[in-house]
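**Student:** This is a predicted model, with the sequence first.
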Protein chains: 2
Amino acid sequence: MTENSTPFFALETTAEAGNARAGIVRTAHGDIRTPIFMPVGTQGTVKALQQRELVELDAQIILGNTYHLYLRPGEQILSELGGLHRFMNWDRPILTDSGGFQVFSLQELRKLSEKGVEFASHIDGSRHMFTPESVVDTQRCIGSDIMMVLDECTPHPSTHEYVRDSMRRSARWAQRCMDRFKETEERYGARQFLFAIGQGGVYEDLRRENMHALVDMDFPGYAIGGLSVGEETGDMYAMTAASTAVMPADKPRYLMGVGTPENLLECIDLGVDMFDCVMPTRNARNGQLFTTQGPLNLRNAKHKMSDEAIDPVVDSYASNNFSRAYMRHLFKANEILALQLATHHNIAFYLWLMRTARTKILAGQYRQWKNEFLAGYRAEKPSA
Amino acid sequence: MTENSTPFFALETTAEAGNARAGIVRTAHGDIRTPIFMPVGTQGTVKALQQRELVELDAQIILGNTYHLYLRPGEQILSELGGLHRFMNWDRPILTDSGGFQVFSLQELRKLSEKGVEFASHIDGSRHMFTPESVVDTQRCIGSDIMMVLDECTPHPSTHEYVRDSMRRSARWAQRCMDRFKETEERYGARQFLFAIGQGGVYEDLRRENMHALVDMDFPGYAIGGLSVGEETGDMYAMTAASTAVMPADKPRYLMGVGTPENLLECIDLGVDMFDCVMPTRNARNGQLFTTQGPLNLRNAKHKMSDEAIDPVVDSYASNNFSRAYMRHLFKANEILALQLATHHNIAFYLWLMRTARTKILAGQYRQWKNEFLAGYRAEKPSA
């Protein structure tokens, strides 16, 4: 990598109480103001949202999934049509995972070795192999601004020995990814960055050992992986704290696959900058909305006659313009608009939450605001 | 009905060649410039489109289906929440059918008498009855700007005798609807209008007889029903021509459930002002797009690598901003965004077609433009 005069990450402030941080990640497709939530756009679309709605809601970066994009549309089409940004008509930053998480979720369908992981496509059963080198190549072809290394996301529960051996192999893979990254160049004229991923299950000693090893390799950013896979919430927070304690202050910190609004606020307090999760989009499609007053389920009969808006605090088209009764009707009638509006609101809420958190960090009021917000969010309510 | 100084319908111009007309239908929720296509919003939503997108595409009026709205959300919720306009947050005009078309489509599930038609709900099998009086009451509760009378849409083929007896009963029902309409008032402060529907199958003598009978009842607008149900296209045009020949020039003419872009242009030429059809929305969800160069099917392999936009002539978000390759990918991957963008484009196309037709009528160039447009639309192409 060539040196740039502008640093990739600029830390703006750190909270006085706790470890919350505000910063800026600078990419060829624009700046990302942290803390940030990244909506998940698995197959080149954030399900049920138009790209212009993501801009309207000020999503500063979205995710793509390498496993899915590799299988469909595939590298040939992505390459021919100028990479994922151009293919999906999205000119803001994109982060892609390495595909490892999905491949390791396939269970029966994969075979793991030092070389990499062999798997069968969930679409047509065809056999493929991901190696540390190949996932870098695929992400070069996708053209994501932030690429992730191949790693094994160890299942929960796993023994200390299994997690140790797995994470040490993942660290060797991280170095191979870094080597391949340095040997190759971006395809579409936009500089790319490669992040490492810390593993270690629910074992603090392993989390520390692994993160130290990765920090020595000098990546421009670090992720915490292997959490939100069934462990206790307390363990998730403890592992996050153990990881951020080792992560360099001058590089962005990304907690993968987390989580609820409460999880995000607590992990910001532990020093995390970036989050992604399918929860706001997936739960929206099941009729669960996140609001400033806590979650609500639109299928609940109490909303039948409710003229109340979804959430007057969050300023978005879906949050303010439709009654809960109408939203419930759309879900009961299996209308596509139900999925569109519910997703629009939930992403609006998650992004509002992160913007507000950032404002409060910059104002030196994060811990106080977090406590007040969560008190209202968690308050006992008649069945929502 | 009280007399207004502004007439409900103003005829602006009639083409020199053919019978194409431009006019304005004036309702409490705004003016409708004809000829017009009305997107179908069966259950209080035009499937896969946000209400603000309908405004963006300049849909001047949409349809609701009384059968569906009566069953779900039902009259109690609609009434409690201030009618359909407020329920779905749509402040432009709405036309509702009477529910008859859907009930008569249920086949096994209904029982017809002079009084009305009994049927079983497709949702839970519960028994209900629609009468000429009840469908007026239901449409008063919905609050549609334009209501339709209850009629039997005779199946194709049907004998002359069957069609004659059915349409005479429908005419008696039309009078009962008119009587009920005059005895009742609007519920939400916005004046409503009731249209009659001509039947007569593919028999010109019956079409003429029936329309004459309805014209004598002095409705503010007239529809042509019972077409696009399996008859030859030539018969559809002949029945439309036989009907418009009898329909008063100073009242709007609505051809129900028609049709393809070609059907619309030909029937405008026969003197029709208003159209509705599920074709642009339903076909969009199956991957068929209507374009100025003819229909194209996104599932076709030829679009696999195509960087071409859907239709550069039609100015809409979906028409211009996404490649056919991307659209095809979304359909192959079963993504909701496929349905959203395809529907957005098809409605944009249908509304563009009607706006252009209107401009050409006003400029005295309709027949010439229609022939030129259809030559390009129908031209032989490599499999689309």
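**Tutor:** Cool, the structure landed. Numbers count the residues shown, from 1 in each chain, chains lettered A, B, ... in the order given.
**Student:** Show me the contact partners of stretch A:307-319.
**Tutor:** The contact list for stretch A:307-319, computed with CB atoms under 8 Å, 6 or more residues apart in numbering or on different chains, reads A:56-57, A:289, A:291-293, A:320-325, A:327, A:340-342, A:344-345, A:348-349, A:352, B:50, B:52, B:81. The way it works is simple: take the backbone N, C-alpha and C, and place the C-beta from them, glycine included.
**Student:** Which ones among those residues map onto strands?
**Tutor:** Among those, DSSP state E puts A:289, A:291 in strands.
**Student:** From the contacts of stretch A:307-319, list the buried ones, please.
**Tutor:** In terms of neighbour count (16 or more other CB atoms under 10 Å in any protein chain shown), the buried residues within these are A:57, A:289, A:291-292, A:322-325, A:327, A:340-342, A:344-345, A:348-349, A:352, B:50, B:81.
**Student:** Break chain A into its domains for me.
**Tutor:** Taking automatic domain parsing as the domain assignment, the ranges for chain A are A:61-277, A:284-377.
**Student:** Break down the stretch 1-150 of chain A into its helices, ranges please.
**Tutor:** A:51-56, A:66-71, A:75-80, A:83-88, A:100-105, A:132-142 (DSSP state H, counting those that start in this stretch).
**Student:** ok now the fifth one, how far from the chain's centre?
**Tutor:** Using CA atoms, centre = their mean, to the nearest Å, the mean C-alpha position of helix A:100-105 is found 15 Å from that of the whole chain.
**Student:** Could you do the third one as well?
**Tutor:** Here the centre of mass of C-alpha atoms in helix A:75-80, compared against the chain's by CA atoms, centre = their mean, lies 24 Å away.
**Student:** Same check on the longest one?
**Tutor:** The chain centre lies 19 Å from the centre of helix A:132-142; the measure is CA atoms, centre = their mean.
**Student:** Flag every buried residue along that helix.
**Tutor:** Neighbour counts over helix A:132-142 (16+ other CB under 10 Å) mark A:132, A:133, A:134, A:135, A:136, A:138, A:139, A:140, A:141, A:142 as buried.
**Student:** which ones are touching the residue lying farthest from the centre of chain A?
**Tutor:** What lies farthest from the middle of chain A is residue A:305; by CA atoms, centre = their mean that is 36.1 Å. Shown in contact with residue A:305 (CB under 8 Å, 6+ apart): A:325, B:77, B:80, B:81.
**Student:** now it: how far from residue B:78?
**Tutor:** The gap separating residue A:305 from residue B:78 is 11 Å, by CB to CB, to the nearest Å.
**Student:** got the residues of the stretch 51-200 of chain A near chain B?
**Tutor:** Neighbours of chain B within the stretch 51-200 of chain A, by CB under 8 Å from any CB of the partner chain: A:51, A:52, A:68, A:72, A:73, A:77, A:80, A:81, A:87, A:88, A:89.
**Student:** Correct me if wrong: the third one contacts residue A:101.
**Tutor:** No - under the criterion of CB atoms under 8 Å, residue A:68 is not in contact with residue A:101, lying 11.0 Å apart.
**Student:** distance of the residue nearest to residue A:292 when sequence neighbours are not counted from chain B?
**Tutor:** Counting by CB to CB, 6 or more residues apart in numbering or on different chains, the nearest residue to residue A:292 once its immediate chain neighbours are dropped is residue A:313, at 4.4 Å. Separation of residue A:313 from chain B (CB to the nearest CB, to the nearest Å) stands at 19 Å.
**Student:** Just flag the most distant two among the contacts of residue A:305.
**Tutor:** Distance extremes for the contacts of residue A:305: the farthest pair is A:325 and B:80 at 8.1 Å, using CB to CB.
**Student:** Any idea which of the helices of the stretch 1-150 of chain A gets closest to residue B:10?
**Tutor:** helix A:51-56 (37.0 Å).
**Student:** tell me the mean pLDDT for the closest one?
**Tutor:** For helix A:51-56, mean pLDDT rounds to 98.
**Student:** Same check on stretch A:234-251?
**Tutor:** 98.
**Student:** Now that stretch: buried residues?
**Tutor:** Quick answer for stretch A:234-251 (16+ other CB under 10 Å): A:235-244, A:246-247, A:251.
**Student:** between the domains of chain A, which one is nearest to residue B:164?
**Tutor:** Comparing the domains of chain A by CB to CB, domain A:284-377 comes nearest, at 38.1 Å.
**Student:** Show me how far the lengthiest helix in chain A is from its chain's centre.
**Tutor:** Ranked by number of residues, the top helix in chain A under DSSP state H is helix A:336-362. Put simply, helix A:336-362 sits 14 Å off its chain's centre (CA atoms, centre = their mean).
**Student:** Point out where chain A drops to low pLDDT.
**Tutor:** Within chain A, the ranges that satisfy pLDDT under 70 run A:1-5, A:382-384.
**Student:** List the contacts of the residue most central in space within it.
**Tutor:** Among the residues of chain A, the one closest to the centroid is residue A:276, at 1.8 Å (CA atoms, centre = their mean). Counting by CB under 8 Å, 6+ apart, residue A:276 makes contact with A:37, A:38, A:39, A:40, A:63, A:95, A:254, A:256, A:257.
**Student:** Apply 7 Å and report the result again.
**Tutor:** A:38, A:40, A:63, A:256, A:257 (CB atoms under 7 Å, 6 or more residues apart in numbering or on different chains).
**Student:** Repeat that for residue A:171.
**Tutor:** Residue A:171 makes contacts with A:210, A:213, A:214, as judged by CB under 7 Å, 6+ apart.
**Student:** of those, closest to chain B?
**Tutor:** For those, the residue nearest chain B by CB to the nearest CB is residue A:214; the value is 33.4 Å.
**Student:** tell me the contacts of the closest one?
**Tutor:** Counting by CB under 7 Å, 6+ apart, residue A:214 has contacts A:171, A:174, A:196, A:198, A:222.
**Student:** what helix or strand is the first one on?
**Tutor:** Assigned by DSSP states H and E, residue A:171 belongs to helix A:160-183.
**Student:** relative orientation of that helix and helix A:132-142 in degrees?
**Tutor:** 50 degrees (axes from the mean of the first three to the mean of the last three CA atoms, to 10 degrees).
**Student:** What angle do helix A:160-183 and the following helix or strand past helix A:160-183 make with each other?
**Tutor:** From helix A:160-183 onward toward the C-terminus, using DSSP H and E, the following helix or strand is strand A:193-198. Counting by the same axes, to 10 degrees, strand A:193-198 lies at 170 degrees to helix A:160-183.
**Student:** Direction included, what does strand A:193-198 pair up with?
**Tutor:** strand A:146-148 (parallel), strand A:222-224 (parallel) (DSSP bridges).
**Student:** What's opposite the residue lying closest to residue A:214 once chain neighbours are set aside in the beta bridge?
**Tutor:** Using CB to CB, 6+ apart and skipping the chain neighbours, the partner closest in space to residue A:214 is residue A:196 (4.2 Å). Counting by DSSP bridges, residue A:196 is bridged to residue A:222.
**Student:** from memory residue A:196 sits against residue A:220, does it?
**Tutor:** No - using CB atoms under 7 Å as the test, residue A:196 is too far from residue A:220 to be in contact (9.3 Å).
**Student:** quick one: which of those two has more around it?
**Tutor:** Set side by side, residue A:196 and residue A:220 show more neighbours around residue A:196, with 28 against 16, by other CB atoms under 10 Å in any protein chain shown.
**Student:** distance of that one from residue A:185?
**Tutor:** 20 Å.
**Student:** got it, and residue A:19?
**Tutor:** 36 Å.
**Student:** and the longest helix of chain A, anywhere near chain B?
**Tutor:** Yes - counting by CB under 7 Å from any CB of the partner chain, chain B is contacted by helix A:336-362 at A:336, A:337, A:339, A:340.
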